[in-house]
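> need coordinates for the below:
(2 chains)
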Protein chains: 2
Amino acid sequence: MQYAYSTRMSTLKPTAIRELMKYFIRTNCILFASGNPSAESFPLEDIRRISADILETQAKEVLQYGISEGYEPLRELLKNRMKEKYRCGTDADEIIITSGSQQVIDLTCRALLNEGDTIVCDNPSYVGALNTFRSYRANIVGVDMDPDGINTEKLEKTFRAEKNIKLLYLVPTFQNPTGISISAGKRKDVYMLCKKYGVIILEDNPYGDLRYRGEDILPIKSLDTDGIVVYCGSFSKILSAGIRVGYALAPRDLAQKIVIGKQVSDLHTNTFFQVLAERYMTLCDMDQHIKKICNLYRRKSSLMVSTMHRELTGCSFQEPEGGFFVWCTLPPEIPMAEYCSRAVKNGVAVVPGSAFTVHPQDPCNSFRLNYSTPTDEQIVKGVEILGKTLRSFQ
Amino acid sequence: MQYAYSTRMSTLKPTAIRELMKYFIRTNCILFASGNPSAESFPLEDIRRISADILETQAKEVLQYGISEGYEPLRELLKNRMKEKYRCGTDADEIIITSGSQQVIDLTCRALLNEGDTIVCDNPSYVGALNTFRSYRANIVGVDMDPDGINTEKLEKTFRAEKNIKLLYLVPTFQNPTGISISAGKRKDVYMLCKKYGVIILEDNPYGDLRYRGEDILPIKSLDTDGIVVYCGSFSKILSAGIRVGYALAPRDLAQKIVIGKQVSDLHTNTFFQVLAERYMTLCDMDQHIKKICNLYRRKSSLMVSTMHRELTGCSFQEPEGGFFVWCTLPPEIPMAEYCSRAVKNGVAVVPGSAFTVHPQDPCNSFRLNYSTPTDEQIVKGVEILGKTLRSFQ
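Down below sits the predicted model:
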């Protein structure tokens, strides 16, 4: 049978990374292409103990249907934490629990986007969000980035030129794929621009807790006195990615639309791991745990970058201040796609930067490296191979 | 700020039941309004033992990101079970794991529906599905039901009259809210009609395993030699509802669109409970467990129906052969909405049948009773109150 697919799905493809990963795993490469947290970052002992305890004391509750908004005590805890630690959220905001922060992106689009509406984002950007936007047949407009984040002149030019702009999507802290953070001053500029042009900001912050160098910068949501920011949070990078627990901090009216969207898409997020997250935050020292993870990633990122300095002469890259990635730009004379495929043949998988550009044809001479999952030995050996690959072009 | 919501979400409301439930819980009613499985149906000891074992032996795997299709060994097991036990699925079909069967409904709509496309369903129908269809701005056309399921003459008339029919949505076994099952002969007729008119069947089967009277009837999917049936399965009613693990059994091409939709909506279903479901099916006797649950519900449904026979003179209802519900039709002279609100005042909550009709104005003089969650004492006392409420109209 020939299936008559919806327009939105007829052209949408699975992410390139995902398809590449399957290939990479088959070829037994050193993987710098992943976006996973290190398995060493999961607090296994705590999770074991708390899980057993939940199934002893609250089994019937966690195995039953829950409400779409999420587990009340977890919502309360997150609301307090966001307020106290990050100065985010007012009495006009609500926390809604979702199946990972990916679902906040999806449900925000569901609540706001009609076909053809415009989403502005920095370019390159997180491919999982770009694909969600594509699935809503949004008009996606990318804006170039400076070393301190999205270029605000170009952003305002875009706000003036485009019609029906519903959302500005940003990963302001340790952006995926570039690792760039928007400076504190620029956050204010971006917020004021969005206020001026009536654009809602979708602030995705999966890596925010993972700062291991430099000064903390408050989320854009901390400036939100006007109810124009939907903040996406997640436990994926600090507790566990597989549990699929994330959350939105959003103005109440918008939060209620997110809840209705949640209800029609999957009823509610699995109860057990909501309770586990709540217990973990209550019984354990999550900030101490985050410090430990940061130490792990600081070491790994230093090792990768110092090896890159030795091996990748002529390339440009920054030492990351947090997050999972190094963004490496090749000398202009080296063709990026060919470089990446030669690297795979030599035994190292990186992600071609073109996977993250708003339009596949956007120029890009960079690739993304991940240091959270490879071992120290793999980091050194992998970067050495990348160096050898680079020299093979000379 | 005034938010400019998408057209799809600007008018969508949370389900009436959900809002009613909040009210009922506040008023301390006897709850016949729920759709939850009995907490006694969860195999707690097995879940405790298996959970501890998974966190001992597979912790790093289950706490990490997984793939969008779902955990491979679970997909394989379900494929075999569907084939061996229900004769469903060919080599051209795939199992995709989802966050409950609600998500199969959502992702099938996402894959197939453009705004204004038609979905046909029996009327009344499962309100959670109706709301998902509404969220895609589908043209929903209800078809009346006979005691052996959807009226096929009216169904064909609808297929002839309506344009752009993409889906026929059915809960063929122990339908929610009526409890009606489509007979084996009629399933074939429905299938042939859909084949003739090029309509895809979305077969939702959450209660199929819970038959405690009468003869098993194979799912419509068992007839699917043409690749026109998407089957929705779930662990919610046999293992646990809170774990949010369901699945689609769908023709490969369509299944791949469901996977892409899954990826953009929440990446993947939580890994831990996929592994738990797989281990449970491998290590425990799930069919034996299902028998135990059926014994529980057989007893509860008999108690409710025999009390109804004693108390609700003049009402019409059937003894259910499975599932969770009794559908009770009032004598024509008694106004249903008024009856239901008088019942709440007297201390019993049922769901007005109008919550399940395709259009709120569709005539309905029935209400839905649930027997899976109240205790035996509550069942007897609650039905007695419903009888007293009935007599208050005389």
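
> what packs against the lowest-mean-pLDDT helix or strand in chain A?
In chain A, no helix or strand scores lower on mean pLDDT, DSSP states H and E than helix A:16-27, which sits at a mean of 70. Here helix A:16-27 touches strand A:30-31, helix A:336-346, strand A:348-349, strand A:351-352, going by 3 or more CB pairs under 8 Å, 6 or more residues apart in numbering or on different chains; DSSP states H and E. (Each C-beta comes from the backbone N, C-alpha and C, glycine too.)

> and it with helix A:336-346, angle?
Here the directions of helix A:16-27 and helix A:336-346 differ by 20 degrees (axes from the mean of the first three to the mean of the last three CA atoms, to 10 degrees).

> which outside residues touch helix A:16-27?
Helix A:16-27 has contacts (CB atoms under 8 Å, 6 or more residues apart in numbering or on different chains) with A:31, A:33-35, A:127, A:344, A:349, A:351-352, A:355, B:67-68, B:263.

> wait, A:Gln378 touches A:Ile30, no?
Yes - counting by CB atoms under 8 Å, A:Gln378 does reach A:Ile30; the two are 4.8 Å apart.

> more crowded one of these two?
A:Ile30 (23 against 16; other CB atoms under 10 Å in any protein chain shown).

> check contacts around the residue nearest to that one when sequence neighbours are not counted.
Spatial nearest neighbour of A:Ile30, chain neighbours left out: A:Gly382 (4.0 Å); criterion: CB to CB, 6 or more residues apart in numbering or on different chains. By CB under 8 Å, 6+ apart, the contact list for A:Gly382 reads A:30, A:32, A:347-348, A:374.

> for burial, what's the neighbour tally of A:Gly149?
So A:Gly149, with other CB under 10 Å, has 25 neighbours.

> just to revisit the earlier point, make CSV out of the contacts of helix A:16-27 and add pLDDT and distance to A:Ser240.
As requested, the contacts of helix A:16-27 are exported to CSV (pLDDT from 0 to 100; distance: CB to CB, whole Å):
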residue, pLDDT, distance to A:Ser240
A:Leu31, 93, 20
A:Ala33, 92, 21
A:Ser34, 90, 16
A:Gly35, 91, 15
A:Val127, 94, 22
A:Val344, 91, 29
A:Ala349, 94, 24
A:Val351, 94, 23
A:Pro352, 94, 29
A:Ala355, 93, 25
B:Ile67, 92, 16
B:Ser68, 94, 18
B:Gln263, 94, 19
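
> one step back: reformat the contacts of A:Gly382 as JSON lines; add distance to B:Lys79.
Below are those laid out as JSON lines (distance: CB to CB, whole Å):
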{"residue": "A:Ile30", "distance to B:Lys79": "34"}
{"residue": "A:Phe32", "distance to B:Lys79": "35"}
{"residue": "A:Gly347", "distance to B:Lys79": "35"}
{"residue": "A:Val348", "distance to B:Lys79": "36"}
{"residue": "A:Pro374", "distance to B:Lys79": "34"}
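
> which one of the residues you listed sits closest to A:Lys188?
A:Phe32 (35.0 Å; CB to CB).

> surely the closest one and A:Pro374 touch.
Yes - when contacts are counted by CB under 8 Å, A:Phe32 is listed as touching A:Pro374 (6.4 Å).

> show me chain A divided up by domain.
A:7-43+A:288-391, A:67-283 (automatic domain parsing).

> now these in JSON lines, with distance to B:Asp189?
As requested, those are exported to JSON lines (distance: least, CB to CB, whole Å):
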{"stretch": "domain A:7-43+A:288-391", "distance to B:Asp189": "30"}
{"stretch": "domain A:67-283", "distance to B:Asp189": "31"}
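
> tell me the most buried of those?
Neighbour counts (mean count of other CB atoms under 10 Å in any protein chain shown) averaged over each of the domains of chain A peak at domain A:67-283, with a mean of 22.

> start to end distance for that one?
End-to-end span of domain A:67-283 (CA to CA, to the nearest Å): 24 Å.

> now find how far off-centre that domain is within its chain.
9 Å (CA atoms, centre = their mean, to the nearest Å).

> and A:Ser234, bridged to which residues?
Beta bridges link A:Ser234 to A:Gly246, judged by DSSP bridges.

> isn't it right next to A:Tyr207, touching?
No - in terms of CB under 8 Å, A:Ser234 does not count as a neighbour of A:Tyr207; the distance is 9.2 Å.
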